[in-house]
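S.K.: Curious how this folds, go ahead:
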Amino acid sequence: MRLTILGGGGFRLPLVYGALLADRGEGRVDRVVLHDVDAGRLSAVARVLADQAAGVPDAPVVEVVHDLDEALRGADFVFSAIRVGGLAGRAADERIALAEGVLGQETVGAGGIAFGLRTVPVAEEIARRVARIAPDAWVINFTNPAGLVTEAMARHLGDRVIGICDSPVGLGKRVARVLGVDPGTAWFDYAGLNHLGWLRGVRVAGRDRLPELLADPVLLGSFEEGRLFGAEWLRSLGAIPNEYLHYYYFNREAVRAYREAELTRGAFLQRQQDAFYRTLERPGAPALATWERTRAEREATYMAHSRQAAGAGEREAADLESGGYEQVALALMRAIAQDRRATLILNVRGRGVLAPLDADAVVEVPCLVDANGAHPVAVEPLPAPAAALVGAVKAVEREILAAAESGSRDRAVRAFALHPLVDSVAVARRLVDAYTAAHPTLAYLR
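M.R.: Here you go, the predicted model:
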């Protein structure tokens, strides 16, 4: 089975290859094609993968292909993990937003809108080429903002594009660990949009175990989301929010932490990964060891600004383990390619399962997966405050899609102005001006 990875020079790619190396099942991926617009990064990651494969019998063959059409041709699965503008673009997004006193995080608020406006045209072009060159391929999208990009690609690929994220599975694992539950035996009632969802139940043998967690302040304080949001707020919600909702519920504190930090997250990652790729320009540098050391630092500092704002302390060792999006991707490919049925929380067109969103709206919900793809499971409606927030953010996503399609600067301004974390039309206009000045790829906005 052939897997093509777009963004094959991305830093996290060895996680995916590691999962493929561990898969010994029938019908597994035996050929991996890497494509990236940055040849230097692609070469560095290929070296890491070669170190990973050393001594592993029947390791999937890795091929570097620089032509996009050739990379897509014959693919059974296409994994999209591109970053339009690179980490320099992410750092600029953060800096421009913070100058206006609003959040610049890459998937939330002003930063997420800017990233989406850059990424959607590229993602749609990729989707069109997949539809033409590899019409039978399934596209697994990890490109952020994942829900928005999946919805953009679905306009051309329909249900053959499925978005994945490691946040819901990480949340489920942490809650299950605290409850002493095997996550493989539990049904996680999770619903929302990407980076905007809530865990509302953990059902084991017909009984919801979440209420006992919410009633115990000691247990609530023993895992990351409990420390991030606080036991009192979680009990008030009656649910465990995705960690990214900290940017909404504690926006002022998050913005202040970002502004007071020596480096924003994007600037930190840019500096860190630039050092990694420079190191691997030296022929004798230990590729895998350098990558593992860099990844450990990256994971330990994940959402550091939010944890600082909440006084949540350092991440626990269990949260630093791998087993996130790469395992979701592997399980998804197995389920489709081998008709090995699985239940996964995915980003798919909702078909109306999450009221009041329309059928084409990409939502993040539990799905039953088989050879015919991912089928969203009907979920209970969200409480009114959560539904209002989801509706507002989905409306912003639709404005981004409209702006990308029409090239309308006015629609881009509307996207910023309507977002719950941007509180001024004047700020929205200045953001559009600043982002178009910083990113040549936004020159299409007129």
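
S.K.: contacts, neighbours, all on C-alpha from now
M.R.: Will do.

S.K.: What strand or helix carries Lys173?
M.R.: Per DSSP states H and E: Lys173 is located in helix 167-179.

S.K.: Check what contacts that helix and list those residues.
M.R.: Helix 167-179 has contacts (Cα atoms under 8 Å, 6 or more residues apart in numbering) with 182-183, 188, 190, 195, 199, 202, 209, 213, 219, 222-225, 242-243, 319, 324, 345.

S.K.: Mind listing what's buried along the longest helix along the chain?
M.R.: Taking DSSP state H as the criterion, the chain has its longest helix at helix 109-133. Going by neighbour count (16 or more other Cα atoms under 10 Å), the buried part of helix 109-133 is 109-124, 126-131, 133.

S.K.: now swap in stretch 382-401 and tell me
M.R.: Buried residues in stretch 382-401 (16+ other Cα under 10 Å): 382, 386-387, 389-391, 393-401.

S.K.: Stretch 346-366 now?
M.R.: Buried residues in stretch 346-366 (16+ other Cα under 10 Å): 346-355, 357, 361-366.

S.K.: Looking at these, which are in strands?
M.R.: With DSSP state E as the criterion, strands contain Leu346, Asn347, Val348, Arg349, Val362, Val363, Glu364, Val365, Pro366 from among those.

S.K.: tell me, what residue is most central in the chain?
M.R.: Cys165 (4.4 Å; Cα atoms, centre = their mean).

S.K.: Next, the contact list for the closest residue to that residue other than its chain neighbours, please.
M.R.: Spatial nearest neighbour of Cys165, excluding adjacent residues (Cα to Cα, 6 or more residues apart in numbering): Tyr325 at 5.7 Å. Shown in contact with Tyr325 (Cα under 8 Å, 6+ apart): Ile164, Cys165, Asp166.

S.K.: re earlier: closest to Val16 out of the ones in strands among the buried residues of stretch 346-366?
M.R.: For those, the minimum distance to Val16 (Cα to Cα) is 17.2 Å, reached by Leu346.

S.K.: Name whatever forms a beta bridge with that closest one.
M.R.: Bridge pairing for Leu346 (DSSP bridges) gives the partners Val365.

S.K.: need the contact list for it.
M.R.: Leu346 neighbours (Cα under 8 Å, 6+ apart): Ile162, Gly163, Ile164, Cys165, Val363, Glu364, Val365, Pro366, Cys367.

S.K.: Tabulate the residues you listed in JSON lines, adding columns for distance to Ala154 and pLDDT.
M.R.: Formatted as JSON lines, the contacts of Leu346 follow (distance: Cα to Cα, whole Å; pLDDT from 0 to 100):
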{"residue": "Ile162", "distance to Ala154": "8", "pLDDT": "98"}
{"residue": "Gly163", "distance to Ala154": "10", "pLDDT": "98"}
{"residue": "Ile164", "distance to Ala154": "14", "pLDDT": "97"}
{"residue": "Cys165", "distance to Ala154": "17", "pLDDT": "96"}
{"residue": "Val363", "distance to Ala154": "12", "pLDDT": "98"}
{"residue": "Glu364", "distance to Ala154": "14", "pLDDT": "98"}
{"residue": "Val365", "distance to Ala154": "17", "pLDDT": "98"}
{"residue": "Pro366", "distance to Ala154": "18", "pLDDT": "98"}
{"residue": "Cys367", "distance to Ala154": "17", "pLDDT": "98"}
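
S.K.: Name the nearest of these relative to Ala99.
M.R.: Nearest to Ala99 among the contacts of Leu346 is Cys165, at 29.3 Å by Cα to Cα.

S.K.: Dihedrals phi and psi, the closest one?
M.R.: Backbone geometry at Cys165, expressed as degrees, to the nearest 10, gives phi -150, psi 150.

S.K.: Do I have it right that it meets Thr143?
M.R.: No: applying Cα atoms under 8 Å, one finds Cys165 not in contact with Thr143, separated by 9.4 Å.
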